[in-house]
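Q: Fold the following for me, if possible:
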Amino acid sequence: MENAANLADIETYQSKVSEMRTGASWFYWVAIAAVLSTFLVYFVNFQTHFIGLGVNEYLDARALASGSDTLRWGTILLQIAIAGILAAFGYFAWKGSDIAFILGLFLYFVDAVVLLGYREIFAFGFHLFAMFFIFKGLLASRRRFDPSVDATGA
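A: Here you go, the predicted structure:
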């Protein structure tokens, strides 16, 4: 009978880890969307950041206003580096780092506020959607070792 209880605990732990990793994978999706948005702006001349980052919109406005090809390519590389930082948050969150979840959520929230300044409502909605799932991943990560988080009923 004790083995059955241990098996149930293992299955519960595995489901929490799976939910945590699903939340962490949203950092990867956001990074992919940011790179896709960058390529749409620079190579297709699509001027709406419907899935991109607010910081990318700011950098795009500065680079396109200058008209310099060097600044344009530097901005593209910087935006890809920013997407790499998001992917790094995803990697560390995937490994179970609550700090990566919290810091990534905070920076993504600040980016969402920047998008409100540019009146990109669809991109802001995408940010909220992604933050919801990232937060669910953070809760699952906390539930792995802290039984008081389970008491919330979430």
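
Q: ranges for the strands of the chain?
A: Secondary structure of the chain, counting by DSSP state E: no strands present.

Q: In this structure Ala112 contacts Phe132, no?
A: No - with contact defined as C-beta atoms under 8 Å, Ala112 does not count as touching Phe132 (11.8 Å). Where C-beta positions appear, they are placed from N, C-alpha and C, glycine not excepted.

Q: How about the contacts made by Ser18?
A: When the contact criterion is C-beta atoms under 8 Å, 6 or more residues apart in numbering, Ser18 has no partners at all.

Q: nope, Gly54 is what I was after
A: Contacts of Gly54 (C-beta under 8 Å, 6+ apart): Asp111, Ala112, Val113, Val114, Leu115, Gly117, Tyr118, Glu120, Ala123.

Q: which of those residues are buried?
A: For these, a burial check counting by 16 or more other C-beta atoms under 10 Å picks out Asp111, Ala112, Val114, Leu115, Glu120, Ala123.

Q: and the second one, what pLDDT?
A: Predicted confidence (pLDDT) at Ala112: the value is 94.

Q: contacting residues for it?
A: Ala112 touches Gly54, Phe124, His127, Leu128, Met131, counting by C-beta under 8 Å, 6+ apart.

Q: quick one: which of those residues sit in helices?
A: The members of the contacts of Ala112 that map onto helices under DSSP state H are Gly54, Phe124, His127, Leu128, Met131.

Q: Name only those of those that count as buried.
A: Taking 16+ other C-beta under 10 Å as the criterion, what is buried in the ones in helices among the contacts of Ala112 is Gly54, Phe124, His127, Met131.

Q: who touches the last one in this structure?
A: Under the criterion of C-beta under 8 Å, 6+ apart, the neighbours of Met131 are Leu105, Tyr108, Phe109, Ala112.

Q: tell me the contacts of the first one?
A: Looking back up the chat, that one is Leu105. With contacts defined as C-beta under 8 Å, 6+ apart, Leu105 is in contact with Met131, Ile134, Phe135, Leu138.

Q: Which of the residues you listed fall in helices?
A: Met131, Ile134, Phe135, Leu138.

Q: Need the pLDDT of the most centrally placed residue in the chain.
A: For the chain, the residue whose C-alpha lies nearest the mean C-alpha position (C-alpha atoms, centre = their mean) is Phe27; its distance is 3.2 Å. Confidence at Phe27, expressed as pLDDT, is 97.
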